[in-house]
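**Q** Requesting a structural model of the entry that follows:
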Amino acid sequence: MHETAIETPQGLLLGPDGTARFCMRSASATSATLVVDGRGSVALERVDGTDLWTGSVDGVQVGDTYHLLVDGPEGPRHEFDGTRALLDPYARGIVRTDGERRWSSVVVDGSFDWGDVGKPEVPLDRVVVYEANVRTLTSENLAVPEHLRGTYAGVAHESTIAHLHRIGVTTLELLPVQAFDTEHWLQEAGRENAWGYNTLGFFAPHAGYASAPAREQGADGVLREFKGMVRLLHEAGIQVVLDVVYNHTAEEGLGGPTSSLRGIDGANRYRWAADDTYYDTTGCGNTLDTSVEATADLVVDSLRYWAREMQVDGFRFDLMAALARDADHVFDPDHPLLERIRHHEDLQDVLVIAEPWDVGPDGWRTGHFGERVSEWNDGFRNTVRQFWLTDVAQERRTGVPGAGIGPLAGALTGSRSLFGVPRGPLAGINFVTAHDGFTLHDLTAHDHKHNAANGEDDRDGTNDNRSFNHGVEGPTEDRGVRAARGRSMRNLLGTLLLSAGVPMLTAGDERSRTQHGNNNAYVVSDDLTPVDWSTDEDAESMTETVAALTALRAAHPALRPSRYGVDGQVTPSASRMTWYGPDGGPMTGEWWDQPIHRALQYFVESTPEHEPYDRVLVVVHGSGRTRDLTLPVRDDVLAYRLAWSSEKHRDHDRHRPAGTVFTAYGPGIHVFEIV
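**A** Just a heads-up that it's a prediction; the model follows:
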């Protein structure tokens, strides 16, 4: 497959003699000029028969700023203006400038001493993902020096790393860190994009997340701080995954700010409808057209840069369905760009995680991304919330929950019906919360969203939250309500971390972080969204819960199979499952399906491949009623020992002989190790 990035490196490359060689791509331009501020300019020449434009400027130094001037034909799909300064799409450094220009590309050195620190090797079945925003992860952490809070350096501070180790995190997934801008309409309202899903440049790290000393050193200082963060996290054995936004850019819709691609070759970089308006499947004003080779090359080149030069361990692709649409805007599971991402030799050691949808026609594509791709499992999220929250709320109101236990069993065992035997359970990234939506705490404290702080009259954010406030909307001092909320949070976390698949935690959920009912906190001020690092009793208790669950998951390979078992076959690294009802006998159709019966016992055994044989019993009780359950009698089991329970103050050390009655005092999940 043709890969322009290897044959003709794009962007500005600085040679040892101070000569800057430059290359860009535009099929529509009629002229292009590279301007290096204070050094001179050069008219770029088009390589015959191609869309490549090249040139060179002498005397260039690290730290110099530069821009492009590109002219071309007029027309409804063109935005050429030969006097407008444009960013290099391949700029490794981007800085804010004064006046109308706003942004400049910067020449960087990029050298860095990685020493002998390599990428951590974490088997996918052992991965525990922690999704975090660079700023809000440490902005309130008093253990981090004040000037480093909310920065790359703060993320890599020893206190942050110690916390990640404590709660069993193997993989830190950072919300967008590629240079981004705040949308024009938000700027006019005096507001700020706090999440970063509005990419300005696909190669430069966002300067706003660097510490003040690093920013004072310019783009190279920002680059060094980012790489320093990666190195320190790698030294601690923690992977770094980036949330990347290649589906749209900060140029927004037609009439939006033209900063780069639109002014270079907008007709061939964005998707267009027949009426010469943007064909937008992202809801952000524009959608990059990855059916065009030059655009696909830009994405692949960026991924290679971050994987090799920046040493990151993987990527979570925002609205990845948008990247897999063909020239007719139809989703293609074998899209050439997806194939390049799956098979490129420079990307074989990276995690590939899809947000498997966009907002266009047939945009929900969970389960369709094929080999080497793990997908956000929104079905898991919905099922688990429904079981532990909405159904329990309905039972409280009507006496009967909304559904039986069957759907939860499917989620516990890896969503086989969604991903299929060839891909296995690790194709699913299980989550209960994410950056968008309620926090874990707010799921249990709010029946409705409270987004007034966003300035959109509460129109934004989903209304399908599947939450339950346990009788009081918002904060309360009622000890019974608070205890019930805590139990529900433990049930949600327990299901997440005991299920087959790859679990993803959201930063601060382990600290009972609240956004006060805001389920779309992308523009709110820092006082609403940071992780709470205070020594609050509830926060410490929930942190201990997560630590205990991740330790339990790590200790029991039966809970983290890599493959689905196949009837009549011995499948290495799969788990053998035996289902028991509340009476200790085999599960019946009635037990599976009837809403009034919401209890099961799940005996799961590993099929050894890389680790010793292992087995555990998971007991689930999804009702507010107290119920006696008989622990299963098996020839290979003498007794059970309770290893973890979502009910507080259970006796965890006593051995319970097989056939013993175990009383569940309300909705709960319990894990027994085999004696």
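**Q** what stretches of the stretch 301-450 of the chain score poorly on pLDDT?
**A** Along the stretch 301-450 of the chain, no part satisfies pLDDT under 70.
**Q** what ranges do the helices span in it?
**A** Counting by DSSP state H, counting those that start in this stretch, the stretch 301-450 of the chain has helices at residues 336-343, 378-385, 391-398, 406-412, 416-423, 440-443.
**Q** Quick check: which of the ones you listed is nearest to residue 659?
**A** helix 406-412 (23.0 Å; Cβ to Cβ). Quick note: C-beta positions are derived from backbone N, CA and C, even for glycine.
**Q** ok so, going back, would you turn the helices of the stretch 301-450 of the chain into TSV with mean neighbour count and distance to residue 250?
**A** TSV is the format used below for the helices of the stretch 301-450 of the chain (neighbours: other Cβ atoms under 10 Å; distance: least, Cβ to Cβ, whole Å):
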stretch	mean neighbour count	distance to residue 250
helix 336-343	18	21
helix 378-385	21	26
helix 391-398	17	41
helix 406-412	20	37
helix 416-423	15	34
helix 440-443	25	29
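**Q** So which of the ones you listed is nearest residue 586?
**A** Between the helices of the stretch 301-450 of the chain, helix 406-412 lies closest to residue 586; by Cβ to Cβ that is 13.7 Å.
**Q** so what does that closest one touch, helix or strand wise?
**A** Judged by 3 or more Cβ pairs under 8 Å, 6 or more residues apart in numbering; DSSP states H and E, the packing partners of helix 406-412 are helix 378-385, helix 479-498, helix 589-593, strand 599-606, strand 615-621.
**Q** repeat that for 10 Å
**A** On a contact count with 3 or more Cβ pairs under 10 Å, 6 or more residues apart in numbering; DSSP states H and E, helix 406-412 meets helix 378-385, helix 416-423, strand 428-431, helix 479-498, strand 575-580, helix 589-593, strand 599-606, strand 615-621.
**Q** want to try TSV for these, with distance to residue 631 as columns?
**A** Shown next, in TSV, are those (distance: least, Cβ to Cβ, whole Å):
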stretch	distance to residue 631
helix 378-385	24
helix 416-423	26
strand 428-431	27
helix 479-498	17
strand 575-580	9
helix 589-593	16
strand 599-606	7
strand 615-621	7
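**Q** and of the ones you listed, who's closest to residue 217?
**A** strand 428-431 (36.5 Å).
**Q** Give the buried residues for the closest one.
**A** 428-431 (16 or more other Cβ atoms under 10 Å).
**Q** same question, stretch 663-675
**A** Buried residues in stretch 663-675 (16+ other Cβ under 10 Å): 664, 666-674.
**Q** same check, this time on stretch 540-552
**A** 542-543, 545-550, 552.
**Q** Stretch 458-469 too?
**A** Neighbour counts over stretch 458-469 (16+ other Cβ under 10 Å) mark 458, 461, 465-469 as buried.
**Q** just stretch 216-236 next, same as before
**A** Neighbour-count burial for stretch 216-236, counted by 16+ other Cβ under 10 Å, picks out 218-234, 236.
**Q** Okay, and which of the residues you listed map to strands?
**A** If you go by DSSP state E, these have nothing in strands.
**Q** With that, I have no additional questions.
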